[in-house]
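S.K.: mind looking at a prediction? Sequence and model below.
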Amino acid sequence: MNRQSTISQLREEPEEQRRRQLIEVTIDSLAEVGFVGSTLAQIASRAGVSAGLVAHYFDDKDGLLEAAFRTLARRIAQQSRVRRALTATPRGRIQAVIDANLAPEEFDKRTGTAWLAFWGQVLHVPALRRVQAAYQRRMLSNLRHALRRLLPADEAARLAAMIAAMIDGVWLRAALSGWQEADSESARALLTAFVDGRLKGASPAGAAAELAPARPATSFVTVNPATGERLAELAVDGPAQVDAAVARAEEAQRGWAALTGAERGRILRRAAELLRARNGELAQLETRDTGKPIQETQVVDVLSGADCFEYYAGIAASLTGDHVDLGPQAFGYTRREPLGVVAGIGAWNYPLQIACWKSAPALACGNAMIFKPAELTPLTAPKLMEVLTEAGLPPGVFQVVQGFADTGRLLTRHPRIRKISLTGEVGTGKAVMADAAATLKHVTLELGGKSPLIVFEDANLDNAVSGAMLGNFYSAGEVCSNGTRVFVQRRIKAAFLERLTRRIGALRVGDPLDPATQIGALISEGHLQKVLAYIARGKAEGARLAAGGQRLVGGDLARGCFVSPTVFDECRDEMTIVREEIFGPVMTVLEFTDEAEVIARANATDFGLAAGVFTTDLSRAHRVIARLEAGTCWINHYNVTPIELPFGGVKMSGLGRENGHAAIEHYTQLKSVYVALGDVDAPY
Ligand code: NDP
């Protein structure tokens, strides 16, 4: 801005302010004394200025009223524009128009009464008629534009006119009832239900878009934690969107469950192929959203999801019940039936993988799933929806809703959702289970851990070091099952530490998109600070820092959330860093002398997600594993999670299992059927 324009702006500002003030006073006056009572003199006296000054700005009463009416109409237009910009779907844009017009501020008594005063005059005052016509044209054109993506042009025009008429009608009835008959929320809900009902038969081309989350009540931004780059702004889904998603899911689920298992399996298998075909693109997106190295996302995140779809595609066709022989007069059988509409809520560390691990078994069993990703990593779940749609999944069978814990809670508390599968922290697991209790939902909880990794003195040391590194530094340590308490038998501890620190020294921390990078960024600045606080606590409590321990800020790393791979030696069981889940690249090394001692210490935690044992003595390996209180265990490896093997925790680390045949139990319910072959033997 040059100096001249600064000066002219300064000159104009008070004029603009005065105009705005007079318009606000006019709206007050219309609300209080109506159109006839609002004279120029009366408005001037309310504003504490002369009538001449008002005339100077607006000429006469009509000019003033026209300006006030324009202000109100412009505000709605601007609200509509902002809301439409925040949504990526045609359905979302329709909702944006509805929400802007029926927003709480338009249901405010003062604003509403002023609108009513104007509406009463538009037939008599041409200037007001023009404002009204422009406002109507804009609303209709926005609606038509969005609807044309979903319907043929003539139907779009008809429905746009209906929606506009309903918006005006709902508003007018509320105004005439003195704002008793409806509030903003119920008015919007009415319009939402109307539009959803009308769009049910929308063309297949529009269907996928129609299913996407609708209305942005508020929004959130997701950033690349390695660079701070803003990746996208997304709308938060509220009660209306969750209700609408449940209604769509209910309807879609009936048709989906009526397919044969083989038919469902065929679609899921196609989804697996599409995921593999899009691996590069999806891995890139996941890396940018999570900060994890591309060398990981390219070989794990997407492909593990594809494996999962392939696995459950096979299982879908082989779901059966049992036949039960009850003697010559009867037999029984069981039917394995889907639960209905189920929901998945994901953590931010493996967003796409978690979405796949939850949806593949759910869909294989004939359920419909509504999935909410963590708000820090919302980008790949909608891509999964795209993939499933392309694979032929009927609209509504898999949907994504976005938002924070509030949106999650809407799912957890929804009376028509039959199951929640959560991946998250222990505290969230408790909250979800408490909420689910009110409607007696099934729950699967994949929660946190502080897992032991035990290295006996006869272990292959290089393998043990590899396992410990995989179990602490993969995904920058943001893995639930990490073996963060590394118990090393006394005689080999020095050698173990020497090899470990040497290999850590060679790790490459840096740009996650660089294929050579091994350690990327942590998920957020807030999480980084939490991890650094644990590191400080470790030092303060007397652990010896053997490697790392700092935030990395050299060069481009300063823009992101990087911390060096960290090892604490000389740890004691009671230290905070040994007891609490850090969820960052922080390994604690503890020394032990014998088997019984290490088992007792390994089990001395409320968590029970995972455990690992490195030893070449196979008898000992199985003996120790049998006594460890953990749901998922490894012998001579760490953190490998093939889809075929159930995954989950015991104690505070969770309930239920994902993957393997076990997940089928959690996404179906048994129906027992008794079949009589003879007469009914009744004592009556
Ligand atoms: P959180 O528990 O903070 O969040 C998990 C999900 O639950 C998010 O989508 C979150 O929404 C949502 N949520 C939060 N509160 C509620 C609520 N009251 N009702 C319904 N939904 C809610 O976990 P993080 O995302 O921070 O993930 C890290 C945690 O996940 C760690 O403890 C880790 O160990 C665990 N984890 C467990 C795994 C396992 O399989 N056992 C695997 C991976 C991680 P939002 O984020 O938008 O607030």
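M.R.: Received the coordinates, thanks. Predicted model only: the values in this text are computed from it and were never measured.
S.K.: need the contact list for the residue nearest the centre of the chain.
M.R.: Central residue of the chain (CA atoms, centre = their mean): residue 373, 2.5 Å from the mean position. Under the criterion of CB atoms under 8 Å, 6 or more residues apart in numbering, the contact list for residue 373 reads 346, 348, 351, 354-355, 380-381, 400, 402. C-betas here are computed from N, CA, C, even on glycine.
S.K.: 7 Å - rerun?
M.R.: Contacts for residue 373 (CB atoms under 7 Å, 6 or more residues apart in numbering) come out as 346, 351, 355, 381.
S.K.: so of those residues, which ones are in helices?
M.R.: Of these, the ones assigned to helices by DSSP state H are 351, 355, 381.
S.K.: ok, the last one touching residue 374?
M.R.: By that I understand residue 381. No. Applying CB atoms under 7 Å as the test, residue 381 and residue 374 come out as separate, 9.6 Å apart.
S.K.: tell me the residues of the chain that contact the ligand?
M.R.: 345-349, 372, 374-375, 404-405, 408-409, 412, 422-425, 428, 431-432, 446-449, 480, 581, 583, 609, 649, 654 (CB under 6 Å from any ligand atom).
S.K.: one step back: for the residue nearest to the centre of the chain, which non-adjacent residue is spatially closest?
M.R.: Distance criterion CB to CB, 6 or more residues apart in numbering; nearest residue to residue 373, sequence neighbours excluded, is residue 381 at 4.2 Å.
S.K.: per-residue confidence at the one you found?
M.R.: pLDDT recorded at residue 381 is 98.
S.K.: quick check: it vs the ligand, distance?
M.R.: 10 Å (CB to the nearest ligand atom, to the nearest Å).
S.K.: still on that earlier bit, would you turn the contacts of residue 373 into CSV with neighbour count?
M.R.: As requested, these are exported to CSV (neighbours: other CB atoms under 10 Å):
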residue, neighbour count
346, 27
351, 27
355, 27
381, 25
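S.K.: thinking again about what came up before, what touches both of residue 381 and residue 374?
M.R.: With CB under 7 Å, 6+ apart, residue 381 and residue 374 have common neighbours residue 351.
S.K.: for the stretch 51-200 of the chain, which segments count as helices?
M.R.: All helices of the stretch 51-200 of the chain, identified by DSSP state H, counting those that start in this stretch, fall at 51-58, 61-85, 90-101, 109-121, 126-147, 153-176, 184-199.
S.K.: swap that for the stretch 401-550 of the chain, please
M.R.: Under the criterion DSSP H, counting those that start in this stretch, the stretch 401-550 of the chain contains helices at 405-412, 426-437, 461-473, 493-505, 525-540.
S.K.: and the first one, which residues are buried?
M.R.: Spelled out, it's helix 405-412. For helix 405-412, a neighbour-count test (16 or more other CB atoms under 10 Å) marks 405, 407-412 as buried.
S.K.: ditto for the second one
M.R.: Along helix 426-437, the positions that meet the burial threshold by neighbour count (16+ other CB under 10 Å) are 426, 428-429, 431-433, 435-436.
S.K.: that helix versus helix 405-412: what angle between them?
M.R.: Inter-element angle recorded for helix 426-437 and helix 405-412: 40 degrees (by axes from the mean of the first three to the mean of the last three CA atoms, to 10 degrees).
S.K.: and helix 426-437, average pLDDT?
M.R.: Rounded mean pLDDT across helix 426-437 is 96.
S.K.: give me the residues contacting that helix.
M.R.: With contacts defined as CB under 7 Å, 6+ apart, helix 426-437 is touched by 409, 412-413, 420, 422, 443, 445, 447-448, 652, 654.
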